[in-house]
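**Student:** predicted structure and sequence below. I'll ask about it afterward.
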Amino acid sequence: MRTNKIALAILLPVCVSLMAGCSSRSKTSDPANKVLLTVNGDKITGKDMKRELALRLKQDPTFKVTPESSRQELETLIDRRLLIQEAVRRRLAEKESFVDTLRNFWEQTLIRDLLNHVSGDLGKSVTVSDAEIRDYYSKLSQKVSFDVTRNVQKKPLEELAEQLKQGQT
C-alpha cells in the first residue's frame, strides 16, 4: 500500500498534466484512454479519472478540481480497485446474494430508465389547458368530509367518549 502511495505521489503531477493537456493533443489518439497507472494489472485511465471527478462534481456542486482533490480522487480509485481485487480473489462476486443484488439493481435501473423514456414521450403528447388547471385548483379548496363510523360501532364510541369526558378512563 505504501508503494502505491509513493507511486501516486510521483505519478500525480504527470496525470494532472496529461489531463490538462488533453485539449491540445491530436484528436486521433484519445488521451482519455491513456493509462495513468496500473494497480496489480488493473489499468486506471484518464477516462476513469474524469468519470470520478464528474461524479464528485455532481454529488457536490461546490467541489473544486485541484491537484490535491485530483490526488484524493486517484487515491480513492486505487483503494477501490484494491478492495474489488480482494473481493474477487475471495470469490465474493460468485455468491448468490451478490448475483441477486446485481440482478435487482439491473432490473430497477432498467425499469427506471424505461419509465423516464416513456414519460418523456408522454410529456410531448399530453397537454393541459389553463382552464383545466384552474378547475383542478378550485376543487382543491373544497372541504370534503366523510362519515366513517358504522352504526354498530357508534354506541361503544359514544360511551367511550363520555367516559373520557368524565375522566374515567
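**Tutor:** Everything's here; your move. Numbering: from 1, shown residues only.
**Student:** next, give phi and psi for residue 167.
**Tutor:** phi 80, psi 20 (degrees, to the nearest 10).
**Student:** distance of it from residue 109?
**Tutor:** The gap separating residue 167 from residue 109 is 58 Å, by C-beta to C-beta, to the nearest Å. No exception for glycine: its C-beta is placed from N, CA and C like everyone else's.
**Student:** do a quick rundown of the helices in the protein.
**Tutor:** Counting by DSSP state H, the segments of the chain that form helices are 2-20, 46-59, 67-89, 96-125, 130-140, 151-166.
**Student:** now the ones you listed as CSV including mean neighbour count?
**Tutor:** As requested, the helices of the chain are arranged in CSV below (neighbours: other C-beta atoms under 10 Å):
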stretch, mean neighbour count
helix 2-20, 13
helix 46-59, 14
helix 67-89, 14
helix 96-125, 10
helix 130-140, 9
helix 151-166, 10
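**Student:** quick one: closest of the ones you listed to residue 35.
**Tutor:** Set against residue 35 and scored by C-beta to C-beta, the helices of the chain come closest in helix 46-59, at 8.2 Å.
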